[in-house]
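Chemist: okay, structure incoming, though there's no sequence with it:
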């Protein structure tokens, strides 16, 4: 076997191990809570030695950080949200209405993944100041994402003429928030399709002319 093939198989195995650990962590954090879950539990569920988790992630806090980042992205590729095909494709739509339809659909997929871990993260931040420090609070990444989307939208045909970028960003930020998604889908039992339709109609009424 060549060195290249050997290295490729080793890298593939390492990636699979990483994914198993992240999946085990997600299930246990959601089921038992961040504080009640220890790395030994995660290692046992993932079928690895606890030393492997320390080697790959360092500690439980950085494991949580990686889990949140991967959950938002949908995979472990180092590609930012604003460079993802669903995002760039939505912003490239010709009209404001077309952009909103594609953007709400893409954002709903993100919210669907993020929702289960949202409360876990909230509890972890409240109980451990060092977890909160992993996400600098001087810049809100979600607002940055919505602001760029808003800038693209207000310049398209069909956008409300008097709408500013800041107001549009605030509306996207508020209506497409994890908190509102959890309220309607998890607490009130709305199917994803109903949420997506409502969010698109509500945003269209606010952001589009006619």
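Modeler: Sure thing, it's come through. From a predicted model like this one, the values you see are computed outputs, not experimental measurements.
Chemist: roughly how far does the residue sitting nearest the centre point of the chain sit from residue 92?
Modeler: Geometric centre of the chain, nearest residue: residue 72, 2.0 Å, by Cα atoms, centre = their mean. Going from residue 72 to residue 92 by Cβ to Cβ, to the nearest Å gives 21 Å. Using the backbone N, CA and C atoms, a C-beta is placed for each residue, glycine as well.
Chemist: in the lengthiest helix in the chain, which residues are buried?
Modeler: Scanning the chain for the helix with the most residues, using DSSP state H, yields helix 96-127. The neighbour-count check on helix 96-127 (16 or more other Cβ atoms under 10 Å) flags 96-97, 99-104, 106-108, 110-111, 114-121, 124-125 as buried.
Chemist: equivalent analysis for stretch 152-161, please.
Modeler: 152, 153, 154, 156, 158, 159, 160.
Chemist: which of those sits closest to residue 184?
Modeler: residue 153 (22.6 Å; Cβ to Cβ).
Chemist: any idea of the pLDDT on the closest one?
Modeler: If you check residue 153, the pLDDT there is 97.
Chemist: so it sits against residue 98, correct?
Modeler: No. Proximity of residue 153 to residue 98 does not meet the contact threshold set by Cβ atoms under 8 Å, at 10.3 Å.
Chemist: overlap of the contact sets of the two?
Modeler: By Cβ atoms under 8 Å, 6 or more residues apart in numbering, residue 153 and residue 98 have no common neighbours.
Chemist: distance of the residue nearest to the centre of the chain from residue 187?
Modeler: In this view, residue 72 and residue 187 are 21 Å apart by Cβ to Cβ.
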